[in-house]
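> got a sequence here, can you build the structure:
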Amino acid sequence: LLDSVVDLDYTFINGSSVLLTWTAPYTLDNVPITGYYIVNGLVNITTTNKSIILSATNPDPCILNNVSVSPINDAGIGSSNNISFYYETVPLITPPVSVVPVIDGQLISLNININVTELCEREYPISITVNILNINNKVQDSTSIPTQVNDQLMITGVITVPNNLNTFIVNVSFSNLGGVYLSTPSFGFGFLGPVTNIDSSIDNCSTIDITWTAPTVDPRVSILYYNLSIYDNVTGQFLRSVSVYDTSYQFPDEELFRHRYTYVITGVNELGEGISNNGTFSYQRVPRSVEEGASDILMITFNETSAAVYYNITITLECTGESPKNVTVTIECNGTGVLYNDATLVEYAKRPMDITGSVPVPLYQQCNISIVFSNEAGSSEPFILAFDTTPIINTPSPTGTSSPDLIFALVIIGATVGGIAVLLIIILVMIICYRRKGRAGATGGDSTTPPPEKADTTGKGSACDETDEKETKEDTYEKKMKEDTYEKKMKEESVL
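Purely as a prediction, here's the structure:
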(Lines give C-alpha, C1' and ligand atoms only; values in the text may rest on other atoms or scores of the structure.)
Protein backbone atom coordinates (compact mmCIF):
# COMPACT_ATOMS: atom_id res chain seq x y z
CA LEU A 1 0.00 0.00 0.00
CA LEU A 2 1.12 3.52 -0.77
CA ASP A 3 2.09 6.24 1.69
CA SER A 4 -0.18 9.28 2.12
CA VAL A 5 -0.20 12.23 -0.24
CA VAL A 6 1.84 15.30 0.70
CA ASP A 7 1.42 19.09 0.46
CA LEU A 8 -2.33 18.82 0.99
CA ASP A 9 -3.81 22.34 0.89
CA TYR A 10 -6.98 24.25 0.02
CA THR A 11 -7.90 27.55 -1.63
CA PHE A 12 -11.31 29.23 -1.51
CA ILE A 13 -12.92 29.87 -4.85
CA ASN A 14 -15.87 31.39 -3.07
CA GLY A 15 -17.52 30.90 0.27
CA SER A 16 -19.00 27.49 -0.65
CA SER A 17 -16.37 26.15 -3.09
CA VAL A 18 -12.86 25.03 -2.21
CA LEU A 19 -10.01 23.92 -4.49
CA LEU A 20 -8.16 21.01 -2.88
CA THR A 21 -4.61 20.24 -4.11
CA TRP A 22 -1.91 17.71 -3.16
CA THR A 23 1.27 15.98 -4.34
CA ALA A 24 1.45 12.24 -5.13
CA PRO A 25 3.47 10.05 -2.75
CA TYR A 26 6.64 8.25 -3.79
CA THR A 27 6.06 4.98 -5.66
CA LEU A 28 8.03 2.54 -7.80
CA ASP A 29 7.79 2.75 -11.57
CA ASN A 30 6.22 -0.67 -11.76
CA VAL A 31 3.65 0.20 -9.04
CA PRO A 32 1.60 3.02 -10.60
CA ILE A 33 -0.97 5.17 -8.77
CA THR A 34 -4.36 4.47 -10.28
CA GLY A 35 -6.28 7.26 -8.53
CA TYR A 36 -7.14 9.04 -5.28
CA TYR A 37 -9.87 8.31 -2.78
CA ILE A 38 -11.44 11.41 -1.15
CA VAL A 39 -13.76 11.38 1.85
CA ASN A 40 -15.65 14.67 2.33
CA GLY A 41 -17.98 14.19 5.25
CA LEU A 42 -20.56 11.65 4.11
CA VAL A 43 -19.49 11.92 0.46
CA ASN A 44 -16.81 9.62 -1.05
CA ILE A 45 -15.14 10.67 -4.31
CA THR A 46 -12.56 8.99 -6.56
CA THR A 47 -10.41 10.95 -9.00
CA THR A 48 -7.23 10.48 -11.00
CA ASN A 49 -6.25 14.14 -10.71
CA LYS A 50 -4.11 15.68 -7.99
CA SER A 51 -6.73 18.35 -7.30
CA ILE A 52 -10.46 18.60 -6.88
CA ILE A 53 -13.08 21.29 -6.30
CA LEU A 54 -15.35 20.63 -3.34
CA SER A 55 -18.63 22.51 -3.24
CA ALA A 56 -21.34 22.62 -0.61
CA THR A 57 -24.95 23.69 -0.79
CA ASN A 58 -25.90 25.98 2.10
CA PRO A 59 -22.75 25.16 4.06
CA ASP A 60 -22.70 25.93 7.76
CA PRO A 61 -19.81 28.30 8.47
CA CYS A 62 -19.88 27.37 12.14
CA ILE A 63 -19.12 23.65 11.53
CA LEU A 64 -15.59 22.47 10.77
CA ASN A 65 -15.34 20.51 7.51
CA ASN A 66 -12.92 17.53 7.53
CA VAL A 67 -11.54 16.03 4.28
CA SER A 68 -9.15 13.07 3.79
CA VAL A 69 -7.22 12.10 0.62
CA SER A 70 -5.68 8.62 0.06
CA PRO A 71 -3.73 7.27 -2.97
CA ILE A 72 -4.96 4.12 -4.73
CA ASN A 73 -3.01 1.38 -6.55
CA ASP A 74 -3.60 -2.26 -7.43
CA ALA A 75 -2.88 -3.23 -3.85
CA GLY A 76 -5.72 -1.05 -2.54
CA ILE A 77 -6.19 2.29 -0.75
CA GLY A 78 -3.06 3.69 0.85
CA SER A 79 -2.58 5.91 3.89
CA SER A 80 -4.74 9.03 4.19
CA ASN A 81 -3.84 12.67 4.75
CA ASN A 82 -6.40 14.97 6.39
CA ILE A 83 -7.23 18.66 6.24
CA SER A 84 -9.93 20.82 7.88
CA PHE A 85 -11.52 24.16 7.01
CA TYR A 86 -14.66 26.25 7.42
CA TYR A 87 -16.79 27.37 4.53
CA GLU A 88 -17.30 31.13 4.33
CA THR A 89 -20.83 32.39 3.82
CA VAL A 90 -22.85 35.56 4.00
CA PRO A 91 -24.72 35.72 7.33
CA LEU A 92 -28.49 35.67 7.21
CA ILE A 93 -28.57 38.78 9.39
CA THR A 94 -26.33 41.75 8.69
CA PRO A 95 -24.42 42.74 11.84
CA PRO A 96 -25.58 45.88 13.67
CA VAL A 97 -23.81 49.09 12.70
CA SER A 98 -23.52 52.38 14.56
CA VAL A 99 -22.24 55.63 13.06
CA VAL A 100 -21.44 58.50 15.43
CA PRO A 101 -20.25 61.87 14.13
CA VAL A 102 -17.62 63.65 16.21
CA ILE A 103 -16.33 67.19 15.68
CA ASP A 104 -12.82 68.35 16.47
CA GLY A 105 -12.44 71.94 15.45
CA GLN A 106 -13.14 72.07 11.71
CA LEU A 107 -12.63 68.32 11.29
CA ILE A 108 -15.73 66.13 11.19
CA SER A 109 -15.18 62.41 11.55
CA LEU A 110 -17.39 59.35 11.83
CA ASN A 111 -16.77 56.63 14.38
CA ILE A 112 -18.08 53.39 12.87
CA ASN A 113 -18.68 50.34 15.08
CA ILE A 114 -19.83 46.94 13.78
CA ASN A 115 -20.97 44.33 16.28
CA VAL A 116 -20.11 40.77 15.14
CA THR A 117 -20.87 38.95 18.40
CA GLU A 118 -23.73 37.02 16.74
CA LEU A 119 -21.62 35.82 13.79
CA CYS A 120 -19.41 32.79 13.35
CA GLU A 121 -15.83 33.60 12.50
CA ARG A 122 -16.28 32.57 8.84
CA GLU A 123 -19.24 34.95 8.59
CA TYR A 124 -17.09 37.97 9.40
CA PRO A 125 -16.80 40.53 6.62
CA ILE A 126 -13.48 40.76 4.81
CA SER A 127 -14.40 44.02 3.09
CA ILE A 128 -16.22 47.03 4.56
CA THR A 129 -17.00 50.03 2.37
CA VAL A 130 -18.38 53.33 3.64
CA ASN A 131 -20.07 55.66 1.17
CA ILE A 132 -20.97 59.25 1.98
CA LEU A 133 -23.77 60.71 -0.16
CA ASN A 134 -25.37 64.11 -0.33
CA ILE A 135 -29.10 64.69 -0.09
CA ASN A 136 -29.36 63.87 -3.83
CA ASN A 137 -27.84 60.42 -3.22
CA LYS A 138 -24.67 61.24 -5.13
CA VAL A 139 -21.54 59.68 -3.72
CA GLN A 140 -19.31 62.37 -2.23
CA ASP A 141 -16.72 60.07 -0.71
CA SER A 142 -16.05 56.33 -0.50
CA THR A 143 -13.52 54.57 1.70
CA SER A 144 -12.77 51.19 3.25
CA ILE A 145 -12.08 50.48 6.91
CA PRO A 146 -9.99 47.65 8.39
CA THR A 147 -11.85 44.46 9.28
CA GLN A 148 -9.86 43.57 12.38
CA VAL A 149 -12.06 42.31 15.24
CA ASN A 150 -11.12 43.50 18.75
CA ASP A 151 -11.57 41.75 22.10
CA GLN A 152 -15.14 43.05 22.39
CA LEU A 153 -15.99 41.39 19.05
CA MET A 154 -16.32 44.79 17.45
CA ILE A 155 -14.97 46.11 14.16
CA THR A 156 -14.22 49.81 14.45
CA GLY A 157 -13.13 52.48 12.03
CA VAL A 158 -12.90 56.22 11.67
CA ILE A 159 -13.45 58.17 8.45
CA THR A 160 -13.41 61.87 7.67
CA VAL A 161 -16.44 63.65 6.25
CA PRO A 162 -15.97 66.25 3.49
CA ASN A 163 -16.36 69.66 5.10
CA ASN A 164 -18.66 71.04 2.39
CA LEU A 165 -21.68 68.96 3.46
CA ASN A 166 -24.37 70.25 5.76
CA THR A 167 -26.52 67.17 5.39
CA PHE A 168 -25.27 63.79 4.26
CA ILE A 169 -26.18 60.13 4.11
CA VAL A 170 -23.88 57.30 5.19
CA ASN A 171 -24.13 53.80 3.72
CA VAL A 172 -22.05 50.90 5.04
CA SER A 173 -21.72 47.71 2.97
CA PHE A 174 -20.08 44.36 3.76
CA SER A 175 -18.84 41.37 1.81
CA ASN A 176 -16.80 38.20 2.22
CA LEU A 177 -15.97 35.19 0.06
CA GLY A 178 -19.58 34.11 0.35
CA GLY A 179 -20.80 37.27 -1.34
CA VAL A 180 -22.29 40.65 -0.49
CA TYR A 181 -24.27 41.12 2.73
CA LEU A 182 -27.79 42.41 2.81
CA SER A 183 -27.82 46.19 2.75
CA THR A 184 -27.84 48.11 6.00
CA PRO A 185 -30.12 51.03 6.77
CA SER A 186 -28.72 54.40 5.76
CA PHE A 187 -27.72 56.96 8.34
CA GLY A 188 -28.87 60.50 7.70
CA PHE A 189 -27.31 63.52 9.38
CA GLY A 190 -28.47 67.10 9.30
CA PHE A 191 -25.80 69.29 10.77
CA LEU A 192 -27.09 71.46 13.55
CA GLY A 193 -23.56 72.37 14.51
CA PRO A 194 -21.91 71.35 17.74
CA VAL A 195 -22.85 72.48 21.19
CA THR A 196 -20.29 74.75 22.83
CA ASN A 197 -19.01 75.74 26.26
CA ILE A 198 -19.32 72.28 27.77
CA ASP A 199 -18.61 72.62 31.46
CA SER A 200 -18.91 70.41 34.50
CA SER A 201 -18.49 70.61 38.27
CA ILE A 202 -19.08 68.42 41.29
CA ASP A 203 -21.34 69.25 44.25
CA ASN A 204 -21.72 67.63 47.66
CA CYS A 205 -18.85 65.21 47.11
CA SER A 206 -20.59 63.03 44.52
CA THR A 207 -23.21 64.95 42.49
CA ILE A 208 -21.94 65.97 39.04
CA ASP A 209 -23.39 68.91 37.07
CA ILE A 210 -22.95 69.25 33.28
CA THR A 211 -23.87 72.36 31.31
CA TRP A 212 -23.44 73.44 27.68
CA THR A 213 -24.53 76.12 25.21
CA ALA A 214 -26.94 75.24 22.40
CA PRO A 215 -25.66 75.49 18.81
CA THR A 216 -26.75 78.36 16.60
CA VAL A 217 -29.51 77.11 14.29
CA ASP A 218 -31.77 78.45 11.59
CA PRO A 219 -34.96 79.83 13.16
CA ARG A 220 -36.95 77.36 11.08
CA VAL A 221 -35.12 74.44 12.64
CA SER A 222 -35.76 73.55 16.26
CA ILE A 223 -33.66 71.40 18.54
CA LEU A 224 -35.75 68.55 19.89
CA TYR A 225 -33.34 67.18 22.48
CA TYR A 226 -29.71 66.26 23.11
CA ASN A 227 -28.12 62.87 23.30
CA LEU A 228 -25.66 62.79 26.18
CA SER A 229 -23.26 59.83 26.32
CA ILE A 230 -21.01 59.34 29.34
CA TYR A 231 -17.70 57.45 29.18
CA ASP A 232 -15.05 56.56 31.72
CA ASN A 233 -12.12 58.48 30.29
CA VAL A 234 -9.55 56.29 32.05
CA THR A 235 -10.79 52.94 30.69
CA GLY A 236 -12.78 54.14 27.67
CA GLN A 237 -15.81 52.24 28.96
CA PHE A 238 -19.23 53.42 27.80
CA LEU A 239 -21.33 54.01 30.89
CA ARG A 240 -24.73 55.26 29.77
CA SER A 241 -26.61 57.52 27.41
CA VAL A 242 -29.55 59.77 28.22
CA SER A 243 -31.85 62.12 26.33
CA VAL A 244 -31.77 65.64 27.78
CA TYR A 245 -34.40 68.27 27.00
CA ASP A 246 -32.41 71.19 28.39
CA THR A 247 -28.82 72.43 28.30
CA SER A 248 -27.88 70.97 31.68
CA TYR A 249 -27.84 67.59 33.33
CA GLN A 250 -27.11 66.36 36.84
CA PHE A 251 -26.38 62.85 38.05
CA PRO A 252 -25.10 61.23 41.26
CA ASP A 253 -21.74 59.55 40.87
CA GLU A 254 -22.08 56.23 42.67
CA GLU A 255 -18.62 55.08 41.62
CA LEU A 256 -16.36 56.86 44.09
CA PHE A 257 -13.22 55.58 42.36
CA ARG A 258 -14.22 56.83 38.89
CA HIS A 259 -13.08 60.43 38.71
CA ARG A 260 -12.48 61.27 35.04
CA TYR A 261 -15.34 61.40 32.54
CA THR A 262 -15.81 62.19 28.86
CA TYR A 263 -19.18 63.57 27.77
CA VAL A 264 -20.31 63.35 24.13
CA ILE A 265 -23.25 65.69 23.40
CA THR A 266 -25.20 65.61 20.14
CA GLY A 267 -28.14 67.79 19.15
CA VAL A 268 -31.12 66.10 17.48
CA ASN A 269 -33.76 67.65 15.21
CA GLU A 270 -36.15 66.56 12.48
CA LEU A 271 -33.25 65.95 10.10
CA GLY A 272 -31.50 63.63 12.52
CA GLU A 273 -28.49 63.89 14.71
CA GLY A 274 -26.22 66.85 14.36
CA ILE A 275 -22.51 67.06 15.02
CA SER A 276 -21.28 65.83 18.34
CA ASN A 277 -18.94 67.63 20.63
CA ASN A 278 -17.21 66.22 23.66
CA GLY A 279 -15.56 67.41 26.82
CA THR A 280 -13.40 65.59 29.31
CA PHE A 281 -13.36 66.54 32.97
CA SER A 282 -11.42 65.31 35.95
CA TYR A 283 -12.92 65.48 39.41
CA GLN A 284 -9.82 64.25 41.14
CA ARG A 285 -8.83 66.25 44.18
CA VAL A 286 -6.02 66.17 46.69
CA PRO A 287 -6.76 63.49 49.32
CA ARG A 288 -7.59 64.51 52.83
CA SER A 289 -5.06 64.07 55.62
CA VAL A 290 -5.26 61.54 58.43
CA GLU A 291 -8.02 62.41 60.89
CA GLU A 292 -7.76 59.66 63.52
CA GLY A 293 -6.22 60.28 66.91
CA ALA A 294 -2.74 59.09 67.79
CA SER A 295 -4.01 56.21 69.89
CA ASP A 296 -5.72 54.77 66.82
CA ILE A 297 -2.58 54.84 64.69
CA LEU A 298 0.56 54.07 66.73
CA MET A 299 1.65 51.49 69.31
CA ILE A 300 5.18 51.00 70.70
CA THR A 301 6.61 47.93 72.42
CA PHE A 302 10.09 47.49 73.91
CA ASN A 303 12.63 44.68 74.14
CA GLU A 304 16.25 44.52 75.31
CA THR A 305 17.87 46.45 72.47
CA SER A 306 15.19 48.27 70.51
CA ALA A 307 11.60 49.39 70.25
CA ALA A 308 9.02 48.10 67.77
CA VAL A 309 6.73 50.74 66.28
CA TYR A 310 3.43 49.38 64.95
CA TYR A 311 1.19 51.61 62.82
CA ASN A 312 -2.37 51.02 61.59
CA ILE A 313 -3.93 53.52 59.15
CA THR A 314 -7.58 53.11 58.16
CA ILE A 315 -8.65 54.54 54.78
CA THR A 316 -12.31 55.38 54.21
CA LEU A 317 -13.39 57.13 51.01
CA GLU A 318 -16.27 59.59 51.22
CA CYS A 319 -16.01 61.87 48.17
CA THR A 320 -15.56 61.24 44.46
CA GLY A 321 -12.07 62.05 43.26
CA GLU A 322 -10.41 62.05 46.68
CA SER A 323 -9.30 58.46 46.41
CA PRO A 324 -5.56 58.21 47.18
CA LYS A 325 -3.29 56.33 44.84
CA ASN A 326 -0.47 55.91 47.35
CA VAL A 327 0.05 56.26 51.08
CA THR A 328 3.60 57.07 52.17
CA VAL A 329 4.74 56.36 55.74
CA THR A 330 8.04 57.87 56.94
CA ILE A 331 9.71 57.39 60.34
CA GLU A 332 12.55 59.76 61.21
CA CYS A 333 14.54 60.02 64.46
CA ASN A 334 16.84 62.76 65.72
CA GLY A 335 19.79 60.45 66.22
CA THR A 336 19.52 58.23 63.17
CA GLY A 337 17.70 60.24 60.49
CA VAL A 338 15.14 58.53 58.24
CA LEU A 339 14.70 54.93 59.39
CA TYR A 340 11.72 53.97 57.25
CA ASN A 341 10.09 55.27 54.08
CA ASP A 342 7.45 53.14 52.38
CA ALA A 343 4.87 53.97 49.69
CA THR A 344 1.92 51.57 49.43
CA LEU A 345 -0.34 51.45 46.36
CA VAL A 346 -3.96 51.66 47.49
CA GLU A 347 -5.67 52.74 44.24
CA TYR A 348 -8.97 50.91 43.58
CA ALA A 349 -8.52 48.84 46.75
CA LYS A 350 -11.61 47.92 48.70
CA ARG A 351 -12.65 50.46 51.31
CA PRO A 352 -12.37 50.75 54.18
CA MET A 353 -8.92 49.21 54.30
CA ASP A 354 -6.07 49.16 56.82
CA ILE A 355 -2.44 49.98 56.07
CA THR A 356 -0.28 48.31 58.71
CA GLY A 357 3.41 47.90 59.36
CA SER A 358 6.06 47.23 62.00
CA VAL A 359 9.40 49.06 62.16
CA PRO A 360 12.31 48.43 64.59
CA VAL A 361 13.63 51.68 66.11
CA PRO A 362 16.68 52.13 68.41
CA LEU A 363 16.06 52.97 72.06
CA TYR A 364 16.30 56.46 73.52
CA GLN A 365 15.32 58.28 70.33
CA GLN A 366 13.02 61.25 69.69
CA CYS A 367 11.11 60.34 66.52
CA ASN A 368 8.29 61.41 64.19
CA ILE A 369 6.00 59.30 62.03
CA SER A 370 4.69 61.10 58.93
CA ILE A 371 1.70 59.88 56.87
CA VAL A 372 0.92 61.38 53.43
CA PHE A 373 -1.80 60.41 50.93
CA SER A 374 -1.25 61.25 47.25
CA ASN A 375 -2.81 60.90 43.80
CA GLU A 376 -2.39 62.62 40.43
CA ALA A 377 -3.91 65.82 41.85
CA GLY A 378 -1.28 66.18 44.59
CA SER A 379 -0.44 65.17 48.13
CA SER A 380 -2.31 65.69 51.37
CA GLU A 381 -0.92 67.69 54.24
CA PRO A 382 1.43 65.38 56.16
CA PHE A 383 0.08 64.00 59.40
CA ILE A 384 3.03 64.09 61.84
CA LEU A 385 2.98 62.29 65.17
CA ALA A 386 5.90 62.59 67.63
CA PHE A 387 7.00 59.72 69.88
CA ASP A 388 10.08 58.61 71.78
CA THR A 389 11.59 55.19 72.40
CA THR A 390 12.79 55.67 75.99
CA PRO A 391 11.62 52.70 78.10
CA ILE A 392 9.51 53.42 81.19
CA ILE A 393 11.58 52.69 84.37
CA ASN A 394 8.76 51.16 86.44
CA THR A 395 8.01 48.68 83.69
CA PRO A 396 11.43 47.25 82.79
CA SER A 397 11.90 44.37 80.42
CA PRO A 398 11.95 41.02 82.29
CA THR A 399 15.33 40.19 80.80
CA GLY A 400 16.79 43.71 80.94
CA THR A 401 19.68 44.96 83.16
CA SER A 402 18.58 46.82 86.34
CA SER A 403 19.50 50.47 86.69
CA PRO A 404 21.68 51.71 89.69
CA ASP A 405 18.70 53.47 91.28
CA LEU A 406 16.73 50.25 91.21
CA ILE A 407 19.60 48.26 92.81
CA PHE A 408 19.95 50.86 95.63
CA ALA A 409 16.22 50.73 96.30
CA LEU A 410 16.30 46.93 96.50
CA VAL A 411 19.25 47.03 99.00
CA ILE A 412 17.40 49.48 101.28
CA ILE A 413 14.26 47.36 101.18
CA GLY A 414 16.25 44.18 101.97
CA ALA A 415 18.08 45.76 104.92
CA THR A 416 14.84 47.08 106.38
CA VAL A 417 13.11 43.72 106.13
CA GLY A 418 16.14 41.97 107.71
CA GLY A 419 16.27 44.38 110.65
CA ILE A 420 12.57 43.93 111.32
CA ALA A 421 13.01 40.14 111.28
CA VAL A 422 15.90 40.25 113.85
CA LEU A 423 13.89 42.53 116.12
CA LEU A 424 10.91 40.18 116.00
CA ILE A 425 13.15 37.20 116.94
CA ILE A 426 14.58 39.07 119.97
CA ILE A 427 11.09 40.03 121.16
CA LEU A 428 9.93 36.42 120.73
CA VAL A 429 12.87 35.09 122.82
CA MET A 430 12.16 37.57 125.61
CA ILE A 431 8.49 36.59 125.69
CA ILE A 432 9.38 32.88 125.94
CA CYS A 433 11.84 33.52 128.77
CA TYR A 434 9.35 35.65 130.64
CA ARG A 435 6.68 32.97 130.44
CA ARG A 436 9.03 30.26 131.70
CA LYS A 437 10.07 32.42 134.65
CA GLY A 438 6.45 33.04 135.54
CA ARG A 439 5.71 29.30 135.61
CA ALA A 440 8.68 28.60 137.86
CA GLY A 441 7.62 31.24 140.42
CA ALA A 442 4.09 29.95 140.55
CA THR A 443 5.17 26.44 141.62
CA GLY A 444 7.96 27.37 144.10
CA GLY A 445 6.03 26.81 147.44
CA ASP A 446 4.01 23.77 146.48
CA SER A 447 5.25 20.60 148.22
CA THR A 448 3.40 18.46 145.79
CA THR A 449 5.19 19.90 142.79
CA PRO A 450 7.55 17.38 141.34
CA PRO A 451 11.21 18.23 141.41
CA PRO A 452 12.60 20.08 138.48
CA GLU A 453 13.76 18.16 135.44
CA LYS A 454 17.36 17.30 135.08
CA ALA A 455 19.39 20.13 133.73
CA ASP A 456 20.76 20.02 130.20
CA THR A 457 24.23 18.54 130.41
CA THR A 458 25.07 18.96 126.76
CA GLY A 459 26.21 22.51 127.24
CA LYS A 460 24.04 23.56 124.34
CA GLY A 461 21.17 25.17 126.22
CA SER A 462 19.90 28.58 125.32
CA ALA A 463 20.40 31.74 127.33
CA CYS A 464 16.88 31.32 128.57
CA ASP A 465 17.75 27.75 129.79
CA GLU A 466 20.83 29.00 131.65
CA THR A 467 18.76 31.62 133.42
CA ASP A 468 16.15 29.03 134.36
CA GLU A 469 18.84 26.76 135.72
CA LYS A 470 20.23 29.54 137.92
CA GLU A 471 16.80 30.46 139.14
CA THR A 472 16.04 26.81 139.87
CA LYS A 473 19.13 26.48 142.06
CA GLU A 474 18.16 29.59 144.01
CA ASP A 475 14.65 28.28 144.45
CA THR A 476 15.97 24.94 145.70
CA TYR A 477 18.21 26.63 148.28
CA GLU A 478 15.37 28.82 149.46
CA LYS A 479 13.12 25.79 149.70
CA LYS A 480 15.75 23.92 151.69
CA MET A 481 16.05 26.80 154.18
CA LYS A 482 12.29 26.87 154.60
CA GLU A 483 12.21 23.12 155.26
CA ASP A 484 14.97 23.37 157.92
CA THR A 485 13.18 26.23 159.64
CA TYR A 486 9.94 24.25 159.58
CA GLU A 487 11.57 21.13 161.16
CA LYS A 488 13.26 23.22 163.85
CA LYS A 489 9.98 24.80 164.76
CA MET A 490 8.24 21.44 164.97
CA LYS A 491 10.91 20.11 167.34
CA GLU A 492 10.52 23.11 169.64
CA GLU A 493 6.77 22.59 169.81
CA SER A 494 7.31 18.93 170.58
CA VAL A 495 9.54 19.73 173.55
CA LEU A 496 6.98 22.09 174.94
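> low pLDDT regions in the stretch 151-300 of the chain?
Applying pLDDT under 70 to the stretch 151-300 of the chain flags the ranges 191, 217-222, 256-257, 270-272, 291-296.
> which parts of it are strands?
Assigned by DSSP state E, counting those that start in this stretch, the stretch 151-300 of the chain shows strands spanning 154-160, 167-176, 179-180, 187-190, 196-203, 207-213, 225-232, 238-244, 248-252, 260-269, 272-282, 298-302.
> now render these as JSON lines, adding distance to residue 47 and mean neighbour count.
All C-beta spots, glycine's among them, are computed from the backbone N, C-alpha and C. Shown next, in JSON lines, are the strands of the stretch 151-300 of the chain (distance: least, C-beta to C-beta, whole Å; neighbours: other C-beta atoms under 10 Å):
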{"stretch": "strand 154-160", "distance to residue 47": "40", "mean neighbour count": "16"}
{"stretch": "strand 167-176", "distance to residue 47": "29", "mean neighbour count": "20"}
{"stretch": "strand 179-180", "distance to residue 47": "28", "mean neighbour count": "12"}
{"stretch": "strand 187-190", "distance to residue 47": "50", "mean neighbour count": "19"}
{"stretch": "strand 196-203", "distance to residue 47": "69", "mean neighbour count": "14"}
{"stretch": "strand 207-213", "distance to residue 47": "70", "mean neighbour count": "17"}
{"stretch": "strand 225-232", "distance to residue 47": "58", "mean neighbour count": "18"}
{"stretch": "strand 238-244", "distance to residue 47": "55", "mean neighbour count": "12"}
{"stretch": "strand 248-252", "distance to residue 47": "69", "mean neighbour count": "13"}
{"stretch": "strand 260-269", "distance to residue 47": "60", "mean neighbour count": "20"}
{"stretch": "strand 272-282", "distance to residue 47": "58", "mean neighbour count": "18"}
{"stretch": "strand 298-302", "distance to residue 47": "87", "mean neighbour count": "14"}
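> can you add distance to residue 121 and give the ones you listed back as TSV?
Shown next, in TSV, are those (distance: least, C-beta to C-beta, whole Å):
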stretch	distance to residue 121
strand 154-160	13
strand 167-176	11
strand 179-180	17
strand 187-190	27
strand 196-203	41
strand 207-213	41
strand 225-232	29
strand 238-244	25
strand 248-252	39
strand 260-269	31
strand 272-282	33
strand 298-302	61
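> just give the nearest non-adjacent residue to residue 301, would you?
Distances taken as C-beta to C-beta, 6 or more residues apart in numbering put residue 308 closest to residue 301, at 4.9 Å, once the chain neighbours are dropped.
> which strands border the one helix or strand that neighbour maps to, and is each parallel or antiparallel?
For residue 308, the element it lies in under DSSP states H and E is strand 306-315. Strand 306-315 has the following strand partners under DSSP bridges: strand 298-302 (antiparallel), strand 353-362 (antiparallel).
> off-centre distance for stretch 33-48?
Centroid separation for stretch 33-48 versus its chain: 61 Å, with C-alpha atoms, centre = their mean, to the nearest Å.
> go on, stretch 301-315?
With C-alpha atoms, centre = their mean, you get 25 Å for stretch 301-315.
> avg pLDDT for it?
In this model, stretch 301-315 has an average pLDDT of 86.
> same check on stretch 345-360?
Averaging pLDDT along stretch 345-360 yields 78.
> for stretch 84-97, same thing?
Per-residue scores along stretch 84-97 average to 90.
> and if you look at stretch 113-120?
Across stretch 113-120, the average pLDDT comes to 92.
> can you get me the start-to-end distance on that stretch?
With C-alpha to C-alpha, to the nearest Å as the measure, stretch 113-120 spans 18 Å from end to end.
> so that it lines up with my notes, have the first residue be 41 from now on.
Okay, using 41 as the starting number, the last item reads as stretch 153-160.
> and it, what's buried?
Buried residues in stretch 153-160, counting neighbours by 16 or more other C-beta atoms under 10 Å, are found at 154, 156, 159.
> mind checking how far the second one is from residue 52?
Here residue 156 is placed at a distance of 19 Å from residue 52 (C-beta to C-beta, to the nearest Å).
> try the last one
Using C-beta to C-beta, we find residue 159 at a distance of 17 Å from residue 52.
> can you list the low-confidence ranges for the stretch 341-490 of the chain?
360, 388-391, 433-451, 477-490.
> hey, where'd the helices end up in it?
444-482 (DSSP state H, counting those that start in this stretch).
> ok, back up a step: who does the residue nearest to residue 341 form a beta bridge with?
Residues in a beta bridge with residue 348, per DSSP bridges, are residue 341, residue 400.
> got the contact list for it?
For residue 348, the contact set (C-beta atoms under 8 Å, 6 or more residues apart in numbering) comprises 340-342, 398-401.
> which among those residues gets closest to residue 123?
Closest approach between these and residue 123, by C-beta to C-beta: residue 398, at 64.8 Å.
> burial measure for the closest one, as a count.
Per other C-beta atoms under 10 Å, the neighbour tally for residue 398 reads 11.
> how many residues are close by the closest residue to residue 342 other than its chain neighbours?
Counting by C-beta to C-beta, 6+ apart, the nearest residue to residue 342 once its immediate chain neighbours are dropped is residue 431, at 4.9 Å. The number of residues packed near residue 431 is 17, by other C-beta under 10 Å.
> isn't residue 431 up against residue 405?
No - taking C-beta atoms under 8 Å as the definition, residue 431 is not a contact partner of residue 405, at 11.6 Å.
> joint contacts of those two?
By C-beta under 8 Å, 6+ apart, the residues touching both residue 431 and residue 405 are residue 347.
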